[in-house]
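Enquirer: Need a 3D model of the sequence below.
(2 chains)
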Amino acid sequence: MFGFVLRRIGVAIPTILVIITVAFFMMRAAPGGPFDLERPMPEETRQVILANYGMDQPLWRQYVDYMGNLFQGDLGPSLKLRDKRVSEIIAEGFPVSATIGLFSMALAIGLGSLLGSIAALRQNTAGDFSIMTFAMVGISIPPFVMGPILALVFGLYLGLVPTGGLDPRLGMTPDRLVLPIITLALPQIAIIARLMRASMIEVIRSNYIRTARAKGLSAPAVIFKHALRSAVLPLVSYLGPASAAVLSGSLVIERVFQLPGIGKHFVDAALQRDYTVVMGVVIIYAALIILLNLLADLFYGVLNPKVKYES
Amino acid sequence: MSLISTPQEKTDLMETAAVRGRSLWDDALARLLRNRAAVTSMVVLAILVLLATIGQALWIHDYDTIYRDKVWIAPTLEDWHILGTDAQGRDMVARILVGLGVSLMVGVVATIVSLAIGVTWGATAGFVGGKIDQAMMRFVDILYSLPFIFFVIILMVVFGRNIVLIFVAIGAVEWLTMARIVRGQTLALKNMEFVEAAYAAGVSRFRTIQRHIIPNVLGPVVVYVTLMIPVVILAESFLSFLGLGVQEPLTSLGRLISAGAQDMEPAPWTLIGPAVTMMVTLFCLNFIGDGLRDAIDPKDR
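Expert: Next up, the predicted model:
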């Protein structure tokens, strides 16, 4: 297992390097730059600013410098937000993004697997049918439709929760985070419920479950001790893609609910050619996704003794 | 609703199949037509496609005509603004029809792109096998774990909003699962007894591929393609919502929803119309996809 982790890290490092390199040169290939204003500035001023950020150097030189700084943990200054370093921007946004991301994942896994199992155990009943209809609604309504609708209904019409983002004086309060978390979690709840139902149905038809029943085990014992353990496997391998989906979903959620997370900065930064902020966000998200995938794979191995981390 | 067929039904079907010798596809079609949700969805989707193609031309308002004196008119029968007008005084029905057309087109074209890449990649890996197969699939694994949406966003920023680019970008992102499915099928089929039996019985290679390989790969591919179209439509509207999709005055459902979400306080109908259209479209596609899956591969039901 230790060797497996080492090998995966051995693949992950070049992967991240490739991501950084591709993102770096793609951003620089974009027409325009961070210092293009509506009014053209005097050439001398422009040169001074460029030199200030080391952008008067040839591109390969800038790349080498950027990578050099990166290895020392320095993501550079933001090119658009004065006096802000990229690490500061990320540090400010991270708690918000992480909170809604983690709670959404927890909600999705918990509720999704619960609903999926219930549907499977009550297969072809009204309960099963209504859960699957709910799941179909969940995957058919994208977060950017669900978000505004929930805000309209619960915020404006019913007045249950405040709308309009976080209150800067209070920080993250539950009443302002509940809608974003639900919106982000809904599609994942639906997908996980469908996955769980399919795999649970397959498992409870298998011979060893029949054996467990035949030897007189109670229904809960059969489900919790025998069925759940193998039924949960497809769900575990979905955790990697799920975390990627939640991370990219946060781009939209943070915009819909005006939350000051990391994702909100990304699109604006890309449009304004704030190279360093774009790079910083890409690096953080890529590292997170790769890490979460690795954890999901390890967890899968723990649950499924058939998997050997050989060679 | 017979969304879920009972196990009893299934065994009955298998028996009749054996007796009358119906083909795999006859069976699948019969099962599909018995699935009321799927059939209803097909009818609704056909109507939506007709509306998006012919309806646009027949509707009395144009999608880019601006009625300056009619900003944010609530749905009314007067002048046939039955879904109201938007912030610039354009008719919502016309805009939704155009948006629906663009979204459906993106869905189909981007799916074809990813189908082409995925099938080629997966079939090659499966047929060639060995080290090359391992390397190719490892590459897919690595791509799988990447935050692709970021690259698509950067791409859109770099090359500007260009509808062809949207097709290519989304198609290039969504081919991974297709490659895995096709590779798995090819690999499994290559060593199947019935393929070997066909060879042994002297069936020509071409006939074997045509009669045994293609129908068996086709099932999962058809199902996955149907389920991929809604995913692609979602991806496009995701980009549109972030302001990176098609350009004004052309529109897509995502773009309309994005605009509607901003105006939902003064003019909720600008959000509700496109949102409902999008939901209905995605519902239909997902129901058809699920129905096809159950029809072609009824094992899980």
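Enquirer: which residues of the stretch 101-250 of chain B fall in helices?
Expert: For the stretch 101-250 of chain B, the helices defined by DSSP state H, counting those that start in this stretch occupy B:130-144, B:148-159, B:163-190, B:193-200, B:205-208, B:214-241.
Enquirer: does any bit of the first one sit next to chain A?
Expert: Going back to what we said before, that points to helix B:130-144. Yes. Helix B:130-144 reaches chain A (Cβ under 8 Å from any Cβ of the partner chain) through B:142, B:144. Using the backbone N, CA and C atoms, a C-beta is placed for each residue, glycine as well.
Enquirer: which parts of that helix are buried?
Expert: B:133, B:136, B:137, B:140, B:142, B:144 (16 or more other Cβ atoms under 10 Å in any protein chain shown).
Enquirer: which one of those residues is nearest residue A:252?
Expert: Taking Cβ to Cβ as the measure, residue A:252 lies nearest residue B:144 of the buried residues of helix B:130-144, at 21.3 Å.
Enquirer: Could you double-check that the closest one lies in contact with residue A:289?
Expert: No. Counting by Cβ atoms under 8 Å, residue B:144 stays clear of residue A:289, with 9.7 Å between them.
Enquirer: what touches both of these two?
Expert: Common contact partners of residue B:144 and residue A:289 (Cβ atoms under 8 Å, 6 or more residues apart in numbering or on different chains): residue A:240.
Enquirer: which bits of the stretch 101-250 of chain A sit near chain B?
Expert: Close to chain B, as judged by Cβ under 8 Å from any Cβ, the stretch 101-250 of chain A has residues A:123-124, A:128-129, A:132, A:136, A:139-142, A:144-145, A:147-149, A:151-152, A:156, A:198, A:201-202, A:240-241, A:244, A:247-248.
Enquirer: let's see it at 6 Å
Expert: A:124, A:140, A:141, A:142, A:144, A:145, A:148, A:152, A:198, A:248 (Cβ under 6 Å from any Cβ of the partner chain).
Enquirer: Can you give me the pLDDT of the residue nearest to residue A:163 when sequence neighbours are not counted?
Expert: Nearest non-adjacent residue to residue A:163, counting by Cβ to Cβ, 6 or more residues apart in numbering or on different chains: residue A:155, 3.6 Å away. Residue A:155 carries a pLDDT value of 80.
Enquirer: got it, and residue A:185?
Expert: pLDDT, residue A:185: 94.
Enquirer: Against residue B:143, how distant is it?
Expert: From residue A:185 across to residue B:143, the span is 26 Å (Cβ to Cβ, to the nearest Å).
Enquirer: quick one: low-confidence ranges for the stretch 101-250 of chain B?
Expert: For the stretch 101-250 of chain B, the stretches flagged by pLDDT under 70 are B:145-147, B:161.
Enquirer: which bits of it sit near chain A?
Expert: Residues of the stretch 101-250 of chain B lying near chain A (Cβ under 6 Å from any Cβ): B:142, B:145, B:147, B:149, B:150, B:153, B:154, B:157, B:158, B:234, B:241, B:242.
Enquirer: again, only this time at 10 Å
Expert: The stretch 101-250 of chain B comes close to chain A at residues B:138, B:141-160, B:177, B:227, B:230-231, B:233-235, B:237-244, as judged by Cβ under 10 Å from any Cβ of the partner chain.
Enquirer: for stretch A:273-290, the distance to its chain's centre please.
Expert: Counting by Cα atoms, centre = their mean, to the nearest Å, stretch A:273-290 is centred 13 Å from the centre of its parent chain.
Enquirer: Likewise for stretch B:185-199?
Expert: With Cα atoms, centre = their mean, you get 30 Å for stretch B:185-199.
Enquirer: Straight-line length of that stretch, end to end?
Expert: Terminal residues of stretch B:185-199 are spaced 19 Å apart (Cα to Cα, to the nearest Å).
Enquirer: List the contacts of residue B:97.
Expert: By Cβ atoms under 10 Å, 6 or more residues apart in numbering or on different chains, the residues touching residue B:97 are B:48, B:51-59, B:61, B:63, B:91, B:277.
Enquirer: Centre-most residue in chain B?
Expert: By Cα atoms, centre = their mean, chain B has its centre lying nearest to residue B:229, at 1.1 Å.
Enquirer: okay, now the closest residue in space to that residue that isn't next to it in sequence: neighbour count?
Expert: The shortest distance from residue B:229 to any non-neighbouring residue, by Cβ to Cβ, 6+ apart, is to residue B:107 (4.3 Å). Applying other Cβ atoms under 10 Å in any protein chain shown, we find 24 residues neighbouring residue B:107.
Enquirer: Look up how far residue B:160 lies from residue B:107.
Expert: 22 Å.
Enquirer: Residue A:213 now?
Expert: 62 Å.
Enquirer: can you check residue A:117 too?
Expert: Applying Cβ to Cβ, the value for residue A:117 to residue B:160 is 48 Å.
Enquirer: Kindly report the same for residue A:180.
Expert: For residue A:180, the distance to residue B:160 - Cβ to Cβ - is 31 Å.
Enquirer: who has more neighbours, the two?
Expert: Applying other Cβ under 10 Å to residue A:180 and residue B:160 shows that residue A:180 carries more neighbours, namely 28 against 11.
Enquirer: ok, for the more buried one, nearest residue in space, not its chain neighbours?
Expert: Residue A:180 sits nearest to residue A:257 (Cβ to Cβ, 6+ apart), 4.6 Å away.
Enquirer: returning to what we had before: ok, of the buried residues of helix B:130-144, which one's closest to residue B:80?
Expert: residue B:144 (48.6 Å).
Enquirer: wait, doesn't that closest one sit right on residue A:238?
Expert: No. Between residue B:144 and residue A:238 there is no contact under Cβ atoms under 10 Å: 11.7 Å.
Enquirer: Closest to the centroid, which residue in chain A?
Expert: Taking Cα atoms, centre = their mean, the centroid of chain A lies closest to residue A:247, which sits 1.8 Å from it.
Enquirer: Now for that one: which residues touch it?
Expert: So residue A:247 contacts A:97, A:101, A:105, A:184, A:262-263, A:284-286, A:288-289, A:292, B:147, B:149-150 (Cβ under 10 Å, 6+ apart).
Enquirer: Just the angle for the helix or strand containing it relative to helix B:214-241, thanks.
Expert: According to DSSP states H and E, residue A:247 maps onto helix A:233-256. Angle between the axes of helix A:233-256 and helix B:214-241 is 20 degrees (criterion: axes from the mean of the first three to the mean of the last three Cα atoms, to 10 degrees).
Enquirer: Using CSV, write out the CA atom coordinates for helix A:233-256.
Expert: Output of helix A:233-256 as CSV, limited to C-alpha atoms (Å, rounded to 0.1, in the frame of the first residue of the first chain):
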residue,chain,number,x,y,z
LEU,A,233,-18.1,0.2,-3.6
PRO,A,234,-19.4,1.9,-6.8
LEU,A,235,-20.2,4.9,-4.7
VAL,A,236,-16.6,5.1,-3.4
SER,A,237,-15.2,5.0,-6.9
TYR,A,238,-17.6,7.9,-7.8
LEU,A,239,-16.2,10.0,-5.0
GLY,A,240,-13.3,11.3,-7.1
PRO,A,241,-15.5,12.6,-10.0
ALA,A,242,-18.0,13.8,-7.4
SER,A,243,-15.4,16.0,-5.7
ALA,A,244,-14.4,17.4,-9.1
ALA,A,245,-18.0,18.1,-9.8
VAL,A,246,-18.6,19.9,-6.5
LEU,A,247,-15.4,21.9,-7.0
SER,A,248,-16.4,23.1,-10.4
GLY,A,249,-20.0,23.5,-9.3
SER,A,250,-18.7,26.0,-6.7
LEU,A,251,-17.8,28.3,-9.6
VAL,A,252,-21.5,28.8,-10.3
ILE,A,253,-22.8,28.6,-6.8
GLU,A,254,-20.5,31.3,-5.5
ARG,A,255,-21.6,33.5,-8.3
VAL,A,256,-25.3,32.8,-7.9
